[in-house]
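In: for reference, the sequence and a predicted model appear below.
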Amino acid sequence: DRKAEAVQAVSKNAELPLCPLEPPNLQGHLDVSFASEPHTMEQTKESNPLVKIGGAYLPPYCTSRWKVAIIIPFRDRDTHLQYFLQYMHPTLQRQELDYRIYIINQYGPGKFNRAKLMNVGYAESIKDDTFQCFTFHDVDLILENDKAIYSCPERPRHLSVGVDKFKYVLPYTAIFGGVTELTKEQFTKVNGYSNSFWGWGGEDDDMYNRVKLKGMNIMRYPGGISRYRMISHQREKGNEVNPQRFDLIRKTGSTMATDGLSSLKYKVIAREDYPLYTNITVDLFGPA
Ligand code: UDH
């Protein structure tokens, strides 16, 4: 089965020397542009021949230091996904990660729930493989500098420090949305994300509270390398601003123990291992 295969793949590569701490093929700044159409899935597949079914990769010449699940909350953003795969697969390979890309696709037209989708991504990915850490990644953010390595962080890491949409200035110090990365230990310590944020906003601030309440501080790479371009888009129907978000984030301290991974309920509608990513379509049992 999948798990046995994955274990075998790791042990095979374990005979190889550990990859260097600083991957030698990093390029630094990357030119990212959305002016022309994204590459098709076929084109991206062809230019990334070492990516295996399900969107998985591990360096063939050394044993990666980090086994990472890239988890993307998703609904109806096919063009963004094409750009994401086109740009991010080459970057993640140069970073010498052992990684796999998961698209967690919300089923149905109800209110979007980004945080709960990311909990599902965590819960499903750990059935496949022994991931050490989890990068939670908006599909519309493309890394512009490959020196911001998606390695397992000492403390929960906020990655989208500079975003072109915000003129590369951090909007506020406690921001913990966009792209973040936590180890399995850090993520389980905070009981994952809240499942209660339907519509836009607040779930990332709630996660920041969780991290702080468990005595952790977040970390960031310097703004000069932790840079992203955002693919512009309109607000979707089903992702309207959630007016309850302020009430919810005031109560993190009393809700986090019971609202999160420990209370996660969902139904997998479909799972497909595509050439460039694993797709998991999920019913989140949203409010009527
Ligand atoms: N997402 C989807 N589908 C949706 C909504 C959200 O896939 O319908 C995912 C996607 O990964 C996205 C992330 O959730 O990157 C965050 O949602 P968002 O991009 O809508 O949030 P953001 O804060 O934008 O980036 C809010 C709306 C901005 C409207 C600006 C109009 N000029």
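Out: Everything's here; your move. Numbers count the residues shown, from 1 in each chain.

In: any stretches of the protein with poor pLDDT?
Out: 1-14 (pLDDT under 70).

In: how about the strands in it?
Out: 56-57, 67-74, 98-106, 133-137, 141-143, 157-158, 162-163, 179-183, 227-230, 267-273, 278-283 (DSSP state E).

In: got a markdown table for those strands, with distance to Thr44 too?
Out: Backbone N, C-alpha and C define where each C-beta goes, glycine included. Compiled in a markdown table, the strands of the chain are given as follows (distance: least, C-beta to C-beta, whole Å):
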| stretch | distance to Thr44 |
| --- | --- |
| strand 56-57 | 13 |
| strand 67-74 | 15 |
| strand 98-106 | 11 |
| strand 133-137 | 17 |
| strand 141-143 | 13 |
| strand 157-158 | 27 |
| strand 162-163 | 23 |
| strand 179-183 | 20 |
| strand 227-230 | 18 |
| strand 267-273 | 16 |
| strand 278-283 | 15 |
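
In: now render the ones you listed as JSON lines, adding mean neighbour count and distance to Met41.
Out: Below are those laid out as JSON lines (neighbours: other C-beta atoms under 10 Å; distance: least, C-beta to C-beta, whole Å):
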{"stretch": "strand 56-57", "mean neighbour count": "21", "distance to Met41": "16"}
{"stretch": "strand 67-74", "mean neighbour count": "24", "distance to Met41": "15"}
{"stretch": "strand 98-106", "mean neighbour count": "26", "distance to Met41": "12"}
{"stretch": "strand 133-137", "mean neighbour count": "25", "distance to Met41": "18"}
{"stretch": "strand 141-143", "mean neighbour count": "24", "distance to Met41": "17"}
{"stretch": "strand 157-158", "mean neighbour count": "24", "distance to Met41": "29"}
{"stretch": "strand 162-163", "mean neighbour count": "22", "distance to Met41": "26"}
{"stretch": "strand 179-183", "mean neighbour count": "23", "distance to Met41": "22"}
{"stretch": "strand 227-230", "mean neighbour count": "22", "distance to Met41": "21"}
{"stretch": "strand 267-273", "mean neighbour count": "13", "distance to Met41": "13"}
{"stretch": "strand 278-283", "mean neighbour count": "20", "distance to Met41": "12"}
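
In: nearest residue to Ile71 in space, please, no chain neighbours.
Out: Gly121 (3.4 Å; C-beta to C-beta, 6 or more residues apart in numbering).

In: how far away is that neighbour from Leu85?
Out: The gap separating Gly121 from Leu85 is 16 Å, by C-beta to C-beta, to the nearest Å.

In: before we move on, the earlier item: test my guess that the residue nearest to Ile71 contacts Ile104.
Out: Yes. Assessed by C-beta atoms under 8 Å, Gly121 is found in contact with Ile104 at 4.4 Å.

In: what is in contact with these two at once?
Out: Jointly contacting Gly121 and Ile104 under the rule C-beta atoms under 8 Å, 6 or more residues apart in numbering are Ile71, Ile72, Pro73, Ile280.

In: Asp78: neighbour count?
Out: Residues near Asp78, counting by other C-beta atoms under 10 Å, number 10.

In: quick check: the residue of the stretch 1-150 of the chain nearest the ligand.
Out: Nearest to the ligand, among the residues of the stretch 1-150 of the chain, is Asp138, at 3.2 Å (C-beta to the nearest ligand atom).

In: what about the longest helix in this structure?
Out: Counting by DSSP state H, the longest helix found in the chain is helix 78-94.

In: what comes up buried for it?
Out: 80-94 (16 or more other C-beta atoms under 10 Å).

In: close to the ligand: what parts of the chain are there?
Out: 72-77, 112, 114, 138-140, 200, 234-236, 239 (C-beta under 6 Å from any ligand atom).

In: can you show me the CA trace of the longest helix of the chain as CSV?
Out: Taking C-alpha atoms only, helix 78-94 is exported to CSV below (Å, rounded to 0.1, in the frame of the first residue of the first chain):
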residue,chain,number,x,y,z
ASP,A,78,-7.9,26.3,-10.9
THR,A,79,-5.8,29.0,-12.6
HIS,A,80,-4.2,29.8,-9.3
LEU,A,81,-3.3,26.2,-8.8
GLN,A,82,-1.7,26.0,-12.2
TYR,A,83,0.6,29.0,-11.3
PHE,A,84,1.3,27.5,-7.9
LEU,A,85,2.4,24.2,-9.3
GLN,A,86,4.4,25.8,-12.2
TYR,A,87,6.4,28.0,-9.8
MET,A,88,6.5,26.0,-6.5
HIS,A,89,7.5,22.5,-7.7
PRO,A,90,10.9,23.7,-9.0
THR,A,91,11.5,25.8,-5.9
LEU,A,92,10.6,23.0,-3.5
GLN,A,93,12.9,20.6,-5.3
ARG,A,94,15.8,23.1,-5.2
